[in-house]
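**Q** Just need the structure, nothing else, for what follows:
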Amino acid sequence: MKYARIHRVLGEGNFVLAVGEGEFAGRPCSFYDLFRVEGGRIAEHWDTIETIPPRSQWKNANGKF
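**A** Purely as a prediction, here's the structure:
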């Protein structure tokens, strides 16, 4: 897993969401990481990884982000 770019970091209350892109197993992917913070430390973490298809397979010109 390799992060290349962080697009957004959003926080509200004790939750923080980080949205980025990079590579996983040599394939371009998007990463969504949700953290719950307690006492200044990460208490819980959830994530999802989605492969980004080649540009020729995109349904629009907007891209993933």
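
**Q** Could I get the full set of strands for the chain?
**A** Secondary structure of the chain, counting by DSSP state E: strands at 2-12, 15-24, 27-38, 41-51.

**Q** Pretty sure residue 23 sits against residue 2.
**A** Yes - assessed by C-beta atoms under 8 Å, residue 23 is found in contact with residue 2 at 4.7 Å. For the C-beta atoms, the positions are set from N, CA and C on the backbone; glycine is no exception.

**Q** The two: who's more crowded?
**A** More crowded of residue 23 and residue 2, by other C-beta atoms under 10 Å: residue 23, with 13 against 8.

**Q** that older thread, any chance of the strands of the chain in CSV, plus mean pLDDT and distance to residue 58?
**A** CSV is the format used below for the strands of the chain (pLDDT from 0 to 100; distance: least, C-beta to C-beta, whole Å):
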stretch, mean pLDDT, distance to residue 58
strand 2-12, 97, 17
strand 15-24, 97, 14
strand 27-38, 97, 12
strand 41-51, 97, 13
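
**Q** Now tabulate those in TSV and tack on distance to residue 64.
**A** Formatted as TSV, those follow (distance: least, C-beta to C-beta, whole Å):
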stretch	distance to residue 64
strand 2-12	9
strand 15-24	7
strand 27-38	5
strand 41-51	8
